[in-house]
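Asker: The following comprises the amino acid sequence and a computationally predicted model.
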Amino acid sequence: MSSIHIVGIEAIPVEVPRRRHHAMASMAMSSARHVVVRLLTDSEHVGLGEAPINPRWGGDHGRYYGEEAGATRHLLTDVLFPAIDGSDVYDVERLLEIMDRTIRGYPYAKAAIDMAVHDVIGKATGLSVAQLLGGAFRQSVPLAQSLGFMPTAQAVDEAVAAVGEGLRAIKIKVGVDFPRDIETVREVRAAVGPHVSITLDANQAYPSPKVAIRQIERLEAYGIDLIEQPVQGLREMAIVTASVNTPVMADESAWTARDVLEIATTRAADAISIYVTKPGGLFRAREMIAVAQAAGLPCNVNGSGELGIGNAANVQLAASREIVSLPCVFPISAPAEQAPTTVAGRQYVDDLVTKPMAYSEGSVALPEEPGLGVTLDPVKLERYRTDRVGETEE
């Protein structure tokens with residue numbers, strides 16, 4: 001195995017419209033504003049990565065924070081690349097240590113480089129990223145449909161359509177309008193029947209454990225399987241977890257392997273939502289999963305609204321670990337002209353990759369190609385990039 005050295009980077013800001021507005025307690029999104037990375041090497045292989053941009057989303061009590069497109073691009077090209085220029089892509093942990101020593105934080109920017117490094121290694125060795133992470137435990141990953149805040153009738157229609165297209169899990173955003181939450185969960189359950197899993201996500205919206213417990217107990221009448229991040233802070237989460245019958249999942253509270261260890265020792269949650277982006281890439285996401293597995297905490301892979309490159313990383317990670325046993329929450333990425341569904345997993349009107357995810361019966365398949373398993377479409381990249389002459393970034 002000969003060395004492959006990093007020699008250049010391209011960081012391209014893009015914006016792709018969503019199929020519909022997606023609102024939650026912490027923010028609302030109408031489009032994807034991401035930075036696409038092309039990592040250049042002294043071999044024939046170019047690595048692809050993606051940094052989702054979520055300026056208004058972060059961890060408990062400001063412990064972690066959002067990133068913005070212009071700043072992320074600057075970090076990638078002017079701060080992180082000079083630090084890793086000339087490094088061997090096979091030295092993944094060393095690359096991450098160099099980036100952390102160069103600048104603290106900014107895990108989404110670092111995750112884009114981590115994805116691209118894994119993509120290069122996979123292409124060079126002929127292995128999928130799942131194989132690089134330890135092997136494929138499963139060949140397909142079940143998904144859940146995420147319903148943001150919307151009128152109850154619209155939520156029911158979308159849930160029914162998603163189930164009709166094969167999904168068997170629905171996630172409903174809650175926590176802001178309590179009467180609306182009760183109505184929506186009740187009507188969605190009545191519409192999809194008893195055999196579809198329903199989980200709820202409050203995004204830290206409940207103001208106290210007492211309020212969260214009271215509301216969750218009311219919602220339990222409709223057969224909910226999980227409540228995600230009802231409150232902010234591990235002490236508060238532990239109170240809720242100990243007080244309700246429904247399993248509690250940590251999301252905003254879980255960004256690193258150390259966070260997962262603290263969640264386990266304080267019994268703050270029953271499950272962990274894992275991201276590729278929050279810990280700074282696939283390598284450290286795998287560390288989070290290892291701690292969760294040792295603690296007996298089941299996981300899903302939850303997305304930051306990624307496009308095709310980032311979602312390829314999500315699929316590779318989810319397929320590689322047994323403990324990732326809960327329905328995952330990320331889009332079914334597909335170009336507009338090849339979309340396999342109309343509603344199920346359909347977050348965006350288009351994508352930047354050349355092929356759709358292979359979708360069947362509620363699950364997406366692990367790609368067969370090496371690396372991340374996706375190819376960037378240069379025409380779509382040009383269409384959706386936001387740094388063309390005469391355009392400005394936020």
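Answerer: Nice, I can see it.
Asker: Unless I'm misreading it, residue 234 sits right up against residue 263, doesn't it?
Answerer: Yes: in this structure residue 234 lies within contact range of residue 263 using Cβ atoms under 8 Å: 6.5 Å. In this view, the C-beta of every residue, glycine as well, is placed from N, C-alpha and C.
Asker: Need the mean per-residue confidence for stretch 217-227.
Answerer: Average pLDDT, stretch 217-227: 97.
Asker: Am I right that residue 181 falls within a helix?
Answerer: Yes: judged by DSSP: H, G, I helix; E, B strand; the rest coil, residue 181 forms part of a helix.
Asker: can I assume it is in contact with residue 224?
Answerer: No: in this structure residue 181 lies outside contact range of residue 224 using Cβ under 8 Å: 10.7 Å.
Asker: Need the overlap of contacts for those two.
Answerer: residue 200 (Cβ atoms under 8 Å, 6 or more residues apart in numbering).
Asker: those helices in this structure, which residues are they?
Answerer: In the chain, the helices defined using DSSP state H lie at 69-74, 81-84, 92-102, 107-125, 129-132, 152-164, 178-192, 209-219, 234-243, 257-266, 282-295, 308-319, 378-384.
Asker: Pick out the shakiest of these, pLDDT-wise.
Answerer: The stretch with the lowest mean pLDDT among the helices of the chain is helix 69-74, at a mean of 93.
Asker: excluding its backbone neighbours, what's nearest the residue nearest to the spatial centre of the chain?
Answerer: Residue closest to the mean C-alpha point of the chain, counted by Cα atoms, centre = their mean, is residue 303 at 1.5 Å. Excluding the flanking residues, the one nearest residue 303 by Cβ to Cβ, 6 or more residues apart in numbering is residue 330, at 3.0 Å.
Asker: Now that neighbour: phi and psi?
Answerer: phi -150, psi 160 (degrees, to the nearest 10).
Asker: Residue 105 is in contact with residue 278, correct?
Answerer: No: Residue 278 is not in contact with residue 105 according to Cβ under 8 Å; the separation is 11.4 Å.
Asker: So for these two, which sits in the more crowded spot?
Answerer: The neighbour comparison of residue 278 against residue 105 (other Cβ atoms under 10 Å) goes to residue 278, with 26 against 13.
Asker: Nearest spatial neighbour of the more buried one, chain-adjacent residues omitted?
Answerer: That would be residue 255: by Cβ to Cβ, 6+ apart, it lies 4.4 Å from residue 278.
Asker: now swap in residue 133 and tell me
Answerer: That would be residue 320: by Cβ to Cβ, 6+ apart, it lies 4.1 Å from residue 133.
Asker: and that neighbour, what is it in contact with?
Answerer: 129-130, 133-137, 286.
Asker: How much space separates it from residue 282?
Answerer: Using Cβ to Cβ, to the nearest Å, we find residue 320 at a distance of 9 Å from residue 282.
Asker: Need the residues touching each of the two.
Answerer: Going by Cβ under 8 Å, 6+ apart, residues that sit against residue 320 and also against residue 282 are 129, 133.
Asker: picking that back up, pick out whichever of residue 234 and residue 263 has more residues nearby.
Answerer: residue 263 (25 against 21).
Asker: Number of residues surrounding the nearest residue to residue 293 once chain neighbours are set aside?
Answerer: Of all residues not flanking residue 293 in the chain, residue 323 sits nearest, at 4.2 Å (Cβ to Cβ, 6+ apart). Residues near residue 323, counting by other Cβ under 10 Å, number 20.
Asker: What's the ChimeraX syntax to select whichever of the contacts of residue 320 are buried?
Answerer: A single ChimeraX command is used to select the members of the contacts of residue 320 judged buried by 16 or more other Cβ atoms under 10 Å:
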select :129,130,133,136,286
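Asker: Can you tell me which of the contacts of residue 320 is nearest residue 377?
Answerer: For the contacts of residue 320, the residue nearest residue 377 by Cβ to Cβ is residue 129; the value is 19.9 Å.
Asker: Test my guess that the closest one contacts residue 119.
Answerer: Yes: Residue 129 is within contact range of residue 119, at 7.0 Å (criterion: Cβ under 8 Å).
Asker: Overlap in contacts, these two.
Answerer: With Cβ under 8 Å, 6+ apart as the test, residue 129 and residue 119 both reach 371-372.
Asker: Can I get stretch 353-369 in CSV? Just the C-alpha atoms.
Answerer: Listed next in CSV are the C-alpha coordinates belonging to stretch 353-369 (Å, rounded to 0.1, in the frame of the first residue of the first chain):
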residue,chain,number,x,y,z
VAL,A,353,-24.9,13.1,-7.3
THR,A,354,-25.3,11.3,-10.6
LYS,A,355,-27.4,8.3,-9.2
PRO,A,356,-30.2,7.9,-6.7
MET,A,357,-29.8,5.9,-3.5
ALA,A,358,-31.1,2.4,-4.1
TYR,A,359,-34.4,2.3,-2.2
SER,A,360,-36.8,-0.6,-1.5
GLU,A,361,-39.4,-1.4,1.2
GLY,A,362,-38.4,1.4,3.6
SER,A,363,-34.6,1.0,3.4
VAL,A,364,-31.7,2.3,1.4
ALA,A,365,-29.0,-0.1,0.2
LEU,A,366,-25.3,0.2,0.8
PRO,A,367,-23.7,1.4,-2.5
GLU,A,368,-21.7,-1.2,-4.4
GLU,A,369,-19.0,1.2,-5.6
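Asker: Which residues does that stretch contact?
Answerer: 128, 130, 136, 138-143, 166-169, 307-309, 311-312, 315-316, 319, 332-335, 338-341, 344-345, 373-377, 380.
Asker: Can I have the buried ones of the residues you listed as a PyMOL selection?
Answerer: A single PyMOL command selects the buried members of these (16+ other Cβ under 10 Å):
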select buried, resi 128+130+136+138+140+141+142+143+166+167+168+169+307+308+309+311+312+315+316+319+332+333+334+335+339+340+341+344+345+373+374+376+377+380
